[in-house]
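Undergrad: have a look; sequence and predicted model below, questions after that.
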Amino acid sequence: MKLIDQYFEIQKQIYNYFGYVENWRIIPIDDSRNYFWCVNDEFVRFADSKEDLFSEEENFYENVIYRQRFLNKWVYRTKDFTMICADTNTDGNKLLQIFDNSKEFDYPED
């Protein structure tokens, strides 16, 4: 089926773009380009707006950086996009979240 062939070819192109090499565990890709976001050594935080990203009411999401031991890194930066291995801490879900670099901000100091 041509559609399945296209799917795997596109997935391969995305992996090549980020320099990601799948190993041991298959992690699905998550399109998070619409979110405002920030990352530190432990977490990726993301929200629908810049205001929510830094809100005291915690109107944001926060995933743990998934440090899968078979990968040589967990944050894959390119000029325009960043792909982060993320653990949602929900039902065992791990994701390769792709963010738009134009919506990135510095992670707040505690």
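TA: Nice, I can see it.

Undergrad: so what's the residue nearest to Asp52 when sequence neighbours are not counted scoring on pLDDT?
TA: The spatial neighbour of Asp52 that comes closest, neighbours along the chain excluded (CB to CB, 6 or more residues apart in numbering), is Asn59 at 4.0 Å. Backbone N, C-alpha and C define where each C-beta goes, glycine included. We have a pLDDT of 94 for Asn59.

Undergrad: which ones are touching the residue nearest to Trp37 when sequence neighbours are not counted?
TA: Nearest non-adjacent residue to Trp37, counting by CB to CB, 6+ apart: Phe46, 4.1 Å away. By CB atoms under 8 Å, 6 or more residues apart in numbering, the residues touching Phe46 are 32, 35-38, 53, 60-63, 97, 99.

Undergrad: quick one, grab the pLDDT at Phe46.
TA: 98.

Undergrad: would it count as being in a helix?
TA: No - Phe46 is assigned strand when assessed by DSSP: H, G, I helix; E, B strand; the rest coil, not a helix.

Undergrad: quick check on the residue nearest the centre of the chain: phi, psi?
TA: Closest residue to the average C-alpha location of the chain: Gln97 at 2.3 Å, with CA atoms, centre = their mean. According to degrees, to the nearest 10, the main-chain angles of Gln97 amount to phi -80, psi 130.

Undergrad: pairing partners for it in the sheet, please.
TA: Gln97 forms beta bridges with Asp30, Ile84, as assigned by DSSP bridges.

Undergrad: which ones are touching it?
TA: So Gln97 contacts 30, 32, 44, 46, 63, 83-84, 86 (CB under 8 Å, 6+ apart).

Undergrad: show me where this protein has helices.
TA: Applying DSSP state H to the chain gives helices spanning 2-18, 50-53.

Undergrad: nice, that's everything, thank you.
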